[in-house]
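Peer 1: Structure for the following, please:
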Amino acid sequence: MGGVSEIEYKGKTIFQFQTFFCTFATKISSYPHFVMQDAPHHAGFVSIIGKPNVGKSTLMNRLVGERLAIITAKAQTTRHRIMGIINGDNFQIVYSDTPGILDPKYELHKAMMSFVNQSLEDADVLLWVVDASSINQSEVALILPRLLNIETPVFLLLNKCDLCKPEQLETQRAFWALQHSFAEIIEISGLVGTGTEELFQKILGRMPEHPAYYPAEDVTDRSERFFASEIIREKIFMNYEQEIPYACEVLIMDFKEKEDIIAIRAEIIVERESQKGIVIGKKGEALKKVGIQARQTLEEFFGKKVYLEQRVKVEKDWRKHDLKLKHYGY
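Peer 2: This next block holds a predicted model:
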């Protein structure tokens, strides 16, 4: 070795070991089936669409494994497009929960439908969720025309299948198979999870080869302020009837997070003075109830104590004014 010190092990020098492994690596790399390659990464967008109150938000929460979308028994609870992101070793799926598709009656409805239109344009897979317990002909007339000129694969999901008899599901399958050339028709229950593993595997199989769109630690594209406002609005939907929930918007005016507590100041917007009185209630009891329920859910969501301050403000006919809607994030 010309004066270079060598360490011997069982009669062989380190230099001889290095030479052997370099030669071995060169030879083995000449065989295609021995070439080490990273598995391709797949990523894409999956939009969940359907009429109001068919279980879209429940399904997305189930698929993402997080409670991102608020859920109530009332229709039109979802007003925004909310993304939920899941990551694996070589995939990322970005789900979008969307407002229920309807004929818009005022500017807020139009803004909500614009979120739906965006989700149709950028989706790699569309999930059309229907209630398997009944056939709604108006649903076909309202939604099907939106799908006729797109090439995106559409999965028809017969939701709430756990509440249906086998003959009901057979009737549903036969009916929907005649309406459109669906890539898949799958029976699911977003509530109890029936069919969701099969659904996930079929979605994954449709994801294009692409790098991740979002960092691996992200679970949503929305801010903490957004979820705080949605949680408060959820409690409003749960505690008031008729027009009141639909006339309310929640704005987070202040969100201050400290080590052991989050201080939130929220404004509940209504359209008329009479609605303000109803939201506040006698001696403030109705608003206090909303605050107690919201604070409990906020603490569960953020994992720390929450101080919540609420006030009610009137913005006349805010749902009909485009500039106000833009200010509110629509």
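
Peer 1: roughly how far apart are L163 and V192?
Peer 2: Going from L163 to V192 by Cβ to Cβ, to the nearest Å gives 10 Å. To be clear about C-beta, it is placed using only N, CA and C from the backbone, and glycine gets the same treatment.

Peer 1: before we move on, what about Y106?
Peer 2: Taking Cβ to Cβ as the criterion, Y106 is separated from V192 by 36 Å.

Peer 1: likewise P211?
Peer 2: Separation of P211 from V192 (Cβ to Cβ): 35 Å.

Peer 1: ditto for L59
Peer 2: 11 Å.

Peer 1: okay, the two: which has more neighbours?
Peer 2: L59 (26 against 14; other Cβ atoms under 10 Å).

Peer 1: Contact partners for G195?
Peer 2: Neighbouring residues of G195 by Cβ atoms under 8 Å, 6 or more residues apart in numbering: 161, 186-189.

Peer 1: which of those count as buried?
Peer 2: Neighbour counting over the contacts of G195 (16 or more other Cβ atoms under 10 Å) leaves 161, 186-189 as the buried ones.

Peer 1: Could you pull up phi and psi at the residue lying closest to H80 once chain neighbours are set aside?
Peer 2: Closest residue to H80 apart from its sequence neighbours, by Cβ to Cβ, 6 or more residues apart in numbering: F115 at 6.2 Å. The phi and psi values for F115, taken as degrees, to the nearest 10, are phi -60, psi -40.

Peer 1: Domain boundaries for the chain, per the record?
Peer 2: 6-35, 42-204, 224-327 (automatic domain parsing).

Peer 1: Tabulate the ones you listed (a markdown table), appending mean pLDDT.
Peer 2: Shown next, in a markdown table, are these (pLDDT from 0 to 100):
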| stretch | mean pLDDT |
| --- | --- |
| domain 6-35 | 48 |
| domain 42-204 | 93 |
| domain 224-327 | 96 |
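
Peer 1: who wins for proximity to E217 among those?
Peer 2: E217 sits nearest to domain 42-204 of all those, at 8.5 Å, using Cβ to Cβ.

Peer 1: And the contacts of the longest helix along the chain?
Peer 2: Criterion DSSP state H: the longest helix present in the chain is helix 285-302. Identification of contacts with helix 285-302 by Cβ under 8 Å, 6+ apart yields 67, 224, 227-228, 231-232, 234-236, 238-240, 262, 264, 268, 278-281, 305-306, 308, 310, 312.

Peer 1: Which of the residues you listed fall within helices?
Peer 2: 224, 227-228, 231-232, 234-236, 238-239, 278-280.

Peer 1: Report the two of the residues you listed separated the most.
Peer 2: Distance extremes for these: the farthest pair is E224 and I278 at 29.0 Å, using Cβ to Cβ.

Peer 1: what about these two, which has more around it?
Peer 2: The residue with more neighbours, out of E224 and I278, is I278; 18 against 15, by other Cβ under 10 Å.

Peer 1: give the contact list for the more buried one.
Peer 2: Neighbours of I278 in contact, by Cβ under 8 Å, 6+ apart: 240, 244, 286.

Peer 1: partners of E267 in the sheet?
Peer 2: Following DSSP bridges, E267 is listed with bridge partners L251, R311.

Peer 1: Please spell out which residues along stretch 141-149 are buried.
Peer 2: Using 16+ other Cβ under 10 Å as the test for burial, stretch 141-149 gives 143, 146-147.

Peer 1: let me redo that: stretch 212-221
Peer 2: For stretch 212-221, burial by neighbour count (16+ other Cβ under 10 Å) applies to 212, 220.

Peer 1: model confidence over that stretch, on average?
Peer 2: Across stretch 212-221, the average pLDDT comes to 94.

Peer 1: List the contacts of that stretch.
Peer 2: Residues outside stretch 212-221 that contact it (Cβ under 8 Å, 6+ apart): 41, 43, 45, 64, 66, 68, 82-87, 92, 94.

Peer 1: then that stretch to PDB, C-alphas only?
Peer 2: Below are the C-alpha coordinates for stretch 212-221, written out as PDB (Å, rounded to 0.1, in the frame of the first residue of the first chain):
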ATOM      1  CA  ALA A 212     -47.400  16.700  -2.600                       C
ATOM      2  CA  TYR A 213     -49.300  20.000  -2.800                       C
ATOM      3  CA  TYR A 214     -49.100  20.700   0.900                       C
ATOM      4  CA  PRO A 215     -46.600  20.100   3.700                       C
ATOM      5  CA  ALA A 216     -46.900  16.700   5.300                       C
ATOM      6  CA  GLU A 217     -47.900  18.200   8.700                       C
ATOM      7  CA  ASP A 218     -50.900  20.100   7.200                       C
ATOM      8  CA  VAL A 219     -54.400  18.700   7.800                       C
ATOM      9  CA  THR A 220     -56.300  21.600   6.300                       C
ATOM     10  CA  ASP A 221     -55.900  24.800   4.300                       C
END
